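K.L.:
Provided below for reference: sequence and predicted model.
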Amino acid sequence: MRWSKAPSTQYPVPSSHRKAGYGVLSTGYWVLLAGVTLLSAAPSALPPAPPSAEEKHIAVYSPVASYTLPVLDRAGREYVGLLELLEPLGRVSTQSDGRRLRLRYNALDADFFAGKTRAKIHGRDFDFGAPFLIENSRGLVPLSSLSALLPRFLGTPVNFRESARRLFIGTEGIQPSFRLDAGNPPRLLLNFSAPVNPTISTEPGRLRMVFKRDPVVSPGSQSISFDNKVITHASYSENNGDAELDVAANQPLMASFTDDRKTIVISAVMVPAVQQTPAAPSGVGTVTGSQNPAQARSAANSASGNNNNNVRRVLAVVDPAHGGDERGAALTDQLAEKDVTLGFARLLRHELEIRGFAVALVRDSDTSLTLDQRAAVANVARAGIYISLHAVSQGSGAQVYTALLPVEGTSNGVFHAWNAAQAPALPVSRMVSAAIAAEMQKREFPVRASSASLRPLNNVLMPAVAVELAPGADGIADLTSANYQQRAAAAIADAVVSVRDRLGVQP
Ligand SMILES: [Zn+2]
């Protein structure tokens, strides 16, 4: 088992399953799966779309405050409110009779006149180059004047990038640096000299980070190519007060922050080809030679109409937990959980196939996969059901788990979507869990059903359960007994059949 949070005390985690590094979702470590996998399937999870006619903004960055202000178009020029511009930077007050505006900024006085290009600041003339405006006693200054105007008040030079509407006062900005870690999967590390808080969104092949309040500047080049087949390049742009970094890849991308929020780690989620067995010879149609679950699904669906059996073939994704270097619990000195789950998964595949399901195993060998990859396999395939299998040496019979979704408010925006992708399917997941418990009881397996913060259940879009097999009357030997496993697998398969009509990605 893998726990992201402690489960309820009613269902303690066997200590053999507690292992350093299993707590995947620590606080402050947001995980987002980018790309087609989650987002195309759950459009409601996307962040709110920007207004169709995007409002113009100017962003101001200074050591005392970073803020954005609306930009107004007047007679073909762009303006910003003078009081609003100065207010976060010092003590400011204005008085106006509609034709003249007197302003005091800290100890400095200024006089402005409606419709005039000239003003007096601290006794000296200033030329706006365009008319100063007064609207509802509010002074508006042309953006084009800011580079010259602000130093007169602030006493320091400013860097105003007018085309992007970004104004830097007393700060050089935060320059990102990139480092590509060409491992498997590859990762791109973006380092910043100060904490950042971008809005992250995705579209197929692209992960976008938009910096609204952080004075992020160009990494030195508008476009950076990486010598990598998966993460290919990054680009920088700035517009309307925002800076944007885009990373392009040909696999879904996942972004996470380090705790200090100075590093964004962007990793590719390598969606593995899933071992697919030929479908059962049940006269329903066969799925042969498919190398991935999407093909299996389409074959499964097209099979439904071409013979006298009208039952829709549902794709079940069965996930033997752990694998490769990640051995899971040590059930005995010799017996690793990863091997028990694989054998159990193969038996469950058989039991589901003879009941007319198409089945894909997330792994059919001793390979290591991340939790995100496991969820991605089921989500990309739009499977009807996802079943994760674990094993444990203590207890007896079986435990069936459904997701315990993160509490509202502990996540934000699109990040929430990945942690709570399971939400729409959860009622059916609980039906599946109850059905499995009932079938196991019929076969005299002691069984308990509960919910737990158990990844990747919360990242899966379709009904999803985890079944943890514990020894029976013969003790630990049961865990390697094909007969014992087969009884458990048959119970699960019968239960899945009983809810077949409810399976699939929930609307
Ligand atoms: Zn486990």
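P.N.:
Good, I have the coordinates.
K.L.:
now do the helices in the stretch 251-400 of the chain.
P.N.:
293-302, 337-353, 371-381 (DSSP state H, counting those that start in this stretch).
K.L.:
check which helices and strands the longest one sits against.
P.N.:
If I follow you right, that is helix 337-353. With contacts defined as 3 or more C-beta pairs under 8 Å, 6 or more residues apart in numbering; DSSP states H and E, helix 337-353 has these neighbours: strand 315-320, strand 358-361, strand 385-391, helix 482-498. The C-beta positions use only the backbone N, C-alpha and C, and glycine is treated the same way.
K.L.:
go again using 10 Å as the cut-off
P.N.:
Here helix 337-353 touches strand 315-320, strand 358-361, strand 385-391, strand 464-469, helix 482-498, going by 3 or more C-beta pairs under 10 Å, 6 or more residues apart in numbering; DSSP states H and E.
K.L.:
next, count neighbours for the residue nearest to residue 349 when sequence neighbours are not counted.
P.N.:
Closest residue to residue 349 apart from its sequence neighbours, by C-beta to C-beta, 6 or more residues apart in numbering: residue 359 at 4.4 Å. Neighbourhood size, residue 359 [other C-beta atoms under 10 Å]: 30.
K.L.:
can you tell me the closest non-neighbouring residue to residue 142?
P.N.:
residue 130 is the one closest to residue 142 (C-beta to C-beta, 6+ apart), at 4.2 Å.
K.L.:
so the one you found touches residue 141, yeah?
P.N.:
Yes - the pair residue 130 / residue 141 is scored as a contact, 8.8 Å apart, by C-beta atoms under 10 Å.
K.L.:
okay, the closest residue to the ion within the chain: pLDDT?
P.N.:
Here the chain gets closest to the ion at one residue, residue 390, 3.5 Å apart by C-beta to the ion. Residue 390 is assigned 96 on the pLDDT scale.
K.L.:
so what's the residue lying closest to it once chain neighbours are set aside up against?
P.N.:
Nearest residue to residue 390, sequence neighbours excluded (C-beta to C-beta, 6+ apart): residue 468, at 4.2 Å. Counting by C-beta atoms under 10 Å, 6 or more residues apart in numbering, residue 468 touches 1, 14, 17, 321, 329, 337, 341, 388-392, 395, 397-401, 448, 452, 454.
K.L.:
and the helices of the stretch 251-400 of the chain as TSV, adding mean pLDDT?
P.N.:
Output for the helices of the stretch 251-400 of the chain, formatted as TSV (pLDDT from 0 to 100):
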stretch	mean pLDDT
helix 293-302	46
helix 337-353	95
helix 371-381	87
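K.L.:
and residue 227, which of those is closest to it?
P.N.:
helix 371-381 (23.7 Å; C-beta to C-beta).
K.L.:
what is the closest one packed up against?
P.N.:
Other helices and strands packing on helix 371-381, by 3+ C-beta pairs under 10 Å, 6+ apart, are strand 32-33, helix 36-39, strand 253-257, helix 293-302, strand 315-320, strand 358-361, strand 385-391.
K.L.:
what's the burial count for residue 156?
P.N.:
Around residue 156 there are 10 residues (other C-beta under 10 Å).
K.L.:
so it, which of the three states?
P.N.:
coil (DSSP: H, G, I helix; E, B strand; the rest coil).
K.L.:
looking at it, the residue nearest to residue 349 is touching residue 347, isn't it?
P.N.:
No - taking contacts as C-beta under 10 Å, residue 359 lies outside contact range of residue 347: 11.2 Å.
K.L.:
any common contacting residues for these two?
P.N.:
Contacts common to residue 359 and residue 347, judged by C-beta under 10 Å, 6+ apart, are 318, 493.
K.L.:
A helix includes residue 435, no?
P.N.:
Yes - assessed with three-state DSSP, residue 435 lies in a helix.
K.L.:
and the pLDDT for it?
P.N.:
95.
K.L.:
and what of residue 138?
P.N.:
Value listed for residue 138 in the pLDDT field: 93.
K.L.:
and the residue nearest to residue 142, backbone torsions?
P.N.:
In terms of degrees, to the nearest 10, the main-chain angles of residue 130 are phi -160, psi 160.
K.L.:
contacts only, for it.
P.N.:
74, 75, 76, 77, 78, 79, 117, 141, 142, 143, 144, 145.
K.L.:
nearest spatial neighbour of the second one, skipping sequence neighbours?
P.N.:
Beyond its immediate neighbours in the sequence, the residue positioned closest to residue 75 (C-beta to C-beta, 6+ apart) is residue 131, lying 7.8 Å away.
K.L.:
repeat that for the last one.
P.N.:
Computed as C-beta to C-beta, 6+ apart, the closest residue to residue 145 that is not its neighbour in sequence is residue 128, at 4.5 Å.
K.L.:
wait, that neighbour sits on residue 144?
P.N.:
Yes - using C-beta under 10 Å, residue 128 is in contact with residue 144, at 8.2 Å.
K.L.:
pLDDT score for the nearest residue to residue 229 once chain neighbours are set aside?
P.N.:
Nearest-residue entry for residue 229: residue 250, 7.7 Å, with adjacent residues in sequence omitted and distances by C-beta to C-beta, 6+ apart. What the model reports as pLDDT for residue 250 is 85.
K.L.:
wait, is residue 55 part of a helix?
P.N.:
No - counting by three-state DSSP, residue 55 is not part of a helix but coil.
K.L.:
residues contacting it?
P.N.:
When contacts are taken as C-beta under 10 Å, 6+ apart, residue 55 is in contact with 68, 70, 71, 240, 241.
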